[in-house]
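*Asks:* following is a predicted model, sequence given first.
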Amino acid sequence: MQLGIAAVGFLGFYAFSDTKAAVSALTGGLLCLIAGLPYSLRVASARTASPMQVLWIHGLGELSRVGITIGVMVVVFNRFQNEIAALPMLSTYIAATLSYWVALILSD
């Protein structure tokens, strides 16, 4: 779902704006995907864990996701400040992050 949101953000900004905005939107979507990968892998390995272990795994997974997000955003905004448009990047990142909630709602 996050990869799809990144692609839609890229295509939308490419169609209605410029290449810089489109690449920024793709960067935001991929940032969310990359930051969430360790969390997903950590949670997927918790199938046989006790409830307390599951709680710790979710907590550490979320902590790693937030840390990776902050770290990569700092690097992107410092290293590529002239090549990145903040609004498209952040809007696609937020949309991809919201897909967590959509996935929880649709997982019935």
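*Replies:* Yep, that arrived.

*Asks:* where does this structure dip in pLDDT?
*Replies:* For the chain, the stretches flagged by pLDDT under 70 are 108.

*Asks:* try it again at 50.
*Replies:* Applying pLDDT under 50 to the chain flags no residue at all.

*Asks:* residue contacts, the residue nearest the centre of it?
*Replies:* Nearest to the mean C-alpha position of the chain, counting by C-alpha atoms, centre = their mean, stands residue 32 at 1.0 Å. For residue 32, the contacting residues are 2, 6, 69, 92, 93, 96, 97, by C-beta atoms under 8 Å, 6 or more residues apart in numbering. Using the backbone N, CA and C atoms, a C-beta is placed for each residue, glycine as well.

*Asks:* is the third one in contact with residue 31, as I believe?
*Replies:* Just to be clear, that refers to residue 69. Yes: counting by C-beta atoms under 8 Å, residue 69 touches residue 31, with 6.7 Å between them.

*Asks:* please identify which of those two sits among more neighbours.
*Replies:* Counted by other C-beta atoms under 10 Å, residue 69 and residue 31 do not tie: residue 31 has more neighbours, with 23 against 17.

*Asks:* and the more buried one, how far from residue 39?
*Replies:* 13 Å (C-beta to C-beta, to the nearest Å).

*Asks:* ok, longest helix in this protein?
*Replies:* In the chain, with assignment by DSSP state H, the single longest helix is helix 51-79.

*Asks:* next structured bit after that helix?
*Replies:* Where DSSP states H and E defines the elements, the next helix or strand beyond helix 51-79 is helix 86-106.

*Asks:* so what secondary structure elements neighbour that following helix?
*Replies:* helix 2-16, helix 19-44 (3 or more C-beta pairs under 8 Å, 6 or more residues apart in numbering; DSSP states H and E).

*Asks:* and the longest one with helix 86-106, angle?
*Replies:* So the one you mean is helix 19-44. Orientation of helix 19-44 against helix 86-106 (axes from the mean of the first three to the mean of the last three C-alpha atoms, to 10 degrees) gives an angle of 30 degrees.
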